[in-house]
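Colleague: Sequence plus predicted model, see below.
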Amino acid sequence: PRPGAVAHIRQLRAAGEHADADLVEALAAAPQAVWIEEGTPDEARVKAASVVASAEADGSVPVIVVYNLPFRDCSQYSAGGAIDRSAYEEWVDAVAEGVGDRPAVVILEPDGLGIIPFHTTLNGVREWCEPVDETGSPQPGASADDRFAALNHAVDAFASCSEAGVYLDATHSAWLPIGDAAARLLRAGVERANGFFLNVSNFEFDDDLMRFGTLVSKAVWYASDHGSTGVDALAEVPDQFGDPNRRDEWFARVVDEHPSFPGMERLKRFVIDSSRNGRGPWTPPDVPGEGDAQEWCNPPGRGLGVRSTFAADHPLLDAYLWIKLPGESDGECHRWTDGPQDPVRRQPCPPAGEWFPELAMELARGAVPPLDPGTTAS
């Protein structure tokens, strides 16, 4: 268990709150991912090798999150990453060397395709992430082309690991439109990856994610099957915020009834981060003016979801995984204010990645299915 979790459990036991301590202990002990997000190439190689060796020794399959892209999170709460693309590629190669030919699931760069520097959507909309220097000029290497090139390099690095499965970011069912998600996956090299992941660090319901993932996978196939014209055609895919019947009609007409459609068994597969979505997304309060409720940032009243398992119940789903480490803060969550307090929780939130006792307790108590302190698997 992580140091913050250990300290929290000790505090609960010292206060005589043994039932809550048992819940947090079960949360911390449940199978979840290991994030590799910093260090020199040598340090990253050693950490990756240690993770896969430990998993091999106890007969488990490690889930490794690779999180070090330049301009990561576009200078938000989880800012950081390699200094440039060359440094990133050297670092990624080292992580892949550490994994070697042992089994692993590689989750490649959460938010890496959701937040892209200087990117324009399929419909011609310029997105918000524009890293600039002190003169207001674009930061060197901060471009959509650089992002896609870095991810393609990473896909190939991990594809060379014979027993590793590598997955790219497709965001989630309330973020990117289906067509945009598919187009970004294709530009990042999903055809050479095992598939994509959904819902990392988010709270969307599993059923919504499985529906979204299926449609994204069909869109990826459609664009791949239609060569140079395929990605352009994805701009026609109805946005997921629109009428769902329109989506069904589009896919029935363009994909499902297409004479070369290979069937579900030939589509790209996906995994779902179920670490915190047992109670689904949070509905924020009305916010003043054009303020941002940051509904993704330490929302109250959420619960753990399905425990990590490869026993999936959908034809394209490879696994439910705990990718985001439950109990860790998403960031300071100033929302529509200047801080330092989270106006919803009425307290300052810890920086991103630090243990947040109140959040951990909510997730453990609100787990769906309920968290059984006597077990750690679903």
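Modeller: Nice, I can see it. Numbers count the residues shown, from 1 in each chain.

Colleague: Just the buried positions in the helix or strand of the chain with the lowest mean pLDDT, please.
Modeller: The weakest-scoring helix or strand in the chain, judged by mean pLDDT, DSSP states H and E, is helix 230-233 (a mean of 76). Within helix 230-233, the residues scored as buried using 16 or more other Cβ atoms under 10 Å are Gly230, Val231, Ala233. No exception for glycine: its C-beta is placed from N, CA and C like everyone else's.

Colleague: quick one: which of those is nearest Arg126?
Modeller: Val231 (18.1 Å; Cβ to Cβ).

Colleague: from memory that closest one sits against Arg184, does it?
Modeller: No - the criterion here is Cβ atoms under 8 Å, and Val231 misses it with Arg184 at 9.8 Å.

Colleague: what helix or strand is Ala5 on?
Modeller: Per DSSP states H and E, Ala5 falls inside helix 3-14.

Colleague: Against which helices or strands is that helix packed?
Modeller: Counting contacts by 3 or more Cβ pairs under 8 Å, 6 or more residues apart in numbering; DSSP states H and E, helix 3-14 packs against helix 18-29, helix 357-365.

Colleague: Can you add distance to Ala48 and mean neighbour count and give those helices back as JSON lines?
Modeller: Converted to JSON lines, the helices and strands packed on helix 3-14 look like this (distance: least, Cβ to Cβ, whole Å; neighbours: other Cβ atoms under 10 Å):
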{"stretch": "helix 18-29", "distance to Ala48": "22", "mean neighbour count": "19"}
{"stretch": "helix 357-365", "distance to Ala48": "27", "mean neighbour count": "21"}
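
Colleague: what's the closest of the buried residues of helix 230-233 to Val155?
Modeller: Val231 (17.4 Å).

Colleague: residues contacting the closest one?
Modeller: Leu122, Ala183, Leu186, Arg187, Ala223 (Cβ atoms under 8 Å, 6 or more residues apart in numbering).

Colleague: one more time with 7 Å
Modeller: Val231 makes contacts with Ala183, Leu186, Ala223, as judged by Cβ atoms under 7 Å, 6 or more residues apart in numbering.

Colleague: Please apply the same query to Thr120.
Modeller: Arg126, Glu127.

Colleague: Tell me how far it lies from Arg184.
Modeller: 11 Å (Cβ to Cβ, to the nearest Å).

Colleague: which residues touch the helix holding Ala5?
Modeller: Contacts of helix 3-14 (Cβ under 7 Å, 6+ apart): Asp20, Ala21, Val24, Glu25, Ala28, Gly327, Glu354, Trp355, Pro357, Ala360.

Colleague: by how many degrees do it and helix 357-365 diverge?
Modeller: 80 degrees (axes from the mean of the first three to the mean of the last three Cα atoms, to 10 degrees).
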